[in-house]
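Enquirer: A structural model of the following input is requested.
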Amino acid sequence: MDRRAFLKDTASALLVLAFGTSLVQCDGDGKSTDTNATGPDDTPPDAPPRASGSNIVYTSSVTEGHSHSFTVPRSAFESAPFGGITGLTTEAGGHQHKLTIDQEALRRVAAGDVAKVETENQAEHTHVFTIVKID
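Expert: As a prediction, the model looks like this:
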């Protein structure tokens, strides 16, 4: 079994067993979607993604004892904007982080893959968001 198949199978099993709270990376084009977060990114998102009207709210991994949330319009997966989506996370620990989900990541997620996206460094650390498609 190759790395990609193993990761996809593992991600599927974790989604079923943990209702989306623990996700692992998989990539749809053979390229790594990993980023270099502050410290190793072997922690799951602090909360599973949730629907909120026409948006999906994602929660980052925990770094330095806190996490952040970021809202993505569902329409971004249906028609990925040219520049992707850029915005600020929610505030936690007295700061926010800038996050960009590029167009290619949005397209891969729309096709069923998982993308891990790292925030910009703020307050001497970063967070990783695990972006998945939810119905």
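Enquirer: number of nearby residues for T130?
Expert: By the criterion of other CB atoms under 10 Å, T130 has 25 neighbours. Bear in mind the C-beta positions are built from the backbone N, C-alpha and C, glycine included.
Enquirer: Isn't G83 up against Q103?
Expert: Yes. With contact defined as CB atoms under 8 Å, G83 and Q103 form a contacting pair (7.0 Å).
Enquirer: so how far does stretch 70-78 reach from one end to the other?
Expert: Taking CA to CA, to the nearest Å, stretch 70-78 runs 18 Å from one end to the other.
Enquirer: What of stretch 95-110?
Expert: Distance between the boundary residues of stretch 95-110 (CA to CA) amounts to 30 Å.
Enquirer: more neighbours, G83 and Q103?
Expert: Between G83 and Q103, Q103 has the larger neighbour count (other CB under 10 Å), namely 14 against 9.
Enquirer: Quick check, pLDDT for the more buried one.
Expert: Q103 is assigned 96 on the pLDDT scale.
Enquirer: Now do the contacts for it.
Expert: Contacts here follow CB atoms under 8 Å, 6 or more residues apart in numbering; on that basis Q103 touches A80, P81, F82, G83, G84.
Enquirer: What about the second one, how many residues nearby?
Expert: Residues lying near P81 (other CB under 10 Å) number 14.
Enquirer: check contacts around it.
Expert: By CB under 8 Å, 6+ apart, the neighbours of P81 are Q103, L106.
Enquirer: got it, and the first one?
Expert: With contact taken as CB under 8 Å, 6+ apart, A80 is in contact with Q103, E104, L106, R107, A110.
Enquirer: Skipping its backbone neighbours, what lies nearest it in space?
Expert: With CB to CB, 6 or more residues apart in numbering as the criterion, A80 has its nearest non-adjacent residue at 3.8 Å, and that residue is L106.
Enquirer: part of a helix, is the one you found?
Expert: Yes. The assignment for L106 is a helix, going by DSSP: H, G, I helix; E, B strand; the rest coil.
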